[in-house]
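1. can you look at this prediction? I've put the sequence above it.
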Amino acid sequence: MILDSENDYWIYKRNGTIRRKLTDIDLKTSAGVPYIKPEIQLLYKGGSSVIREKDMVDLENVLPLLKDTSREWLRKSIMIQYPKGHPWIERINVYIESLQYMRRE
């Protein structure tokens, strides 16, 4: 998954314009085990030609756990890959709107 890189950047294999610094693609568990950031994993799941039910469940479960910047990065990245639209874009937009509404109250 992270094999595609150039200089200090990871490059998304399905759209080379989507990039991130290699130092910004992973996290570590409390035990020090590295793992891919959830928004990147979701991009791979949502960017597939077939979106499986379990991938939609993953999106629903992870959306509330993402930082605002990570959620926005995921939304923008999917929009770059699918400029004519994608089901996840609408779902993320609805989530962001509900979050903004709750923060106003």
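-> Perfect, I can see it now.

2. okay, now the unreliable bits of this protein?
-> Along the chain, the model assigns pLDDT under 70 to residues 1-2.

3. quick one: the strands in it?
-> 5-6, 9-11, 19-21, 26-28, 34-36 (DSSP state E).

4. R75 is nearest to which of those strands?
-> strand 19-21 (14.8 Å; C-beta to C-beta). All C-beta spots, glycine's among them, are computed from the backbone N, C-alpha and C.

5. and that closest one, what does it pack onto?
-> In terms of contacts (3 or more C-beta pairs under 8 Å, 6 or more residues apart in numbering; DSSP states H and E), strand 19-21 is packed against strand 9-11.

6. flag every buried residue along the strand it packs on.
-> Neighbour-count burial for strand 9-11 flags 10-11 (criterion: 16 or more other C-beta atoms under 10 Å).

7. tell me how far that strand is from the chain's mean position?
-> 14 Å (C-alpha atoms, centre = their mean, to the nearest Å).

8. same question, stretch 65-81
-> 5 Å.

9. using CSV, write out every CA atom in that stretch.
-> The C-alpha trace of stretch 65-81 is given here as CSV (Å, rounded to 0.1, in the frame of the first residue of the first chain):
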residue,chain,number,x,y,z
LEU,A,65,-12.8,9.3,15.5
LEU,A,66,-11.0,11.3,12.9
LYS,A,67,-9.7,14.8,13.6
ASP,A,68,-11.4,17.5,11.5
THR,A,69,-8.3,18.0,9.4
SER,A,70,-8.1,14.2,8.6
ARG,A,71,-11.8,14.1,7.8
GLU,A,72,-11.4,17.0,5.4
TRP,A,73,-8.3,15.5,3.8
LEU,A,74,-10.2,12.3,3.2
ARG,A,75,-13.2,14.2,1.7
LYS,A,76,-11.0,16.3,-0.6
SER,A,77,-9.0,13.2,-1.7
ILE,A,78,-12.1,11.3,-2.7
MET,A,79,-13.3,14.4,-4.5
ILE,A,80,-10.0,14.5,-6.5
GLN,A,81,-10.3,10.9,-7.4
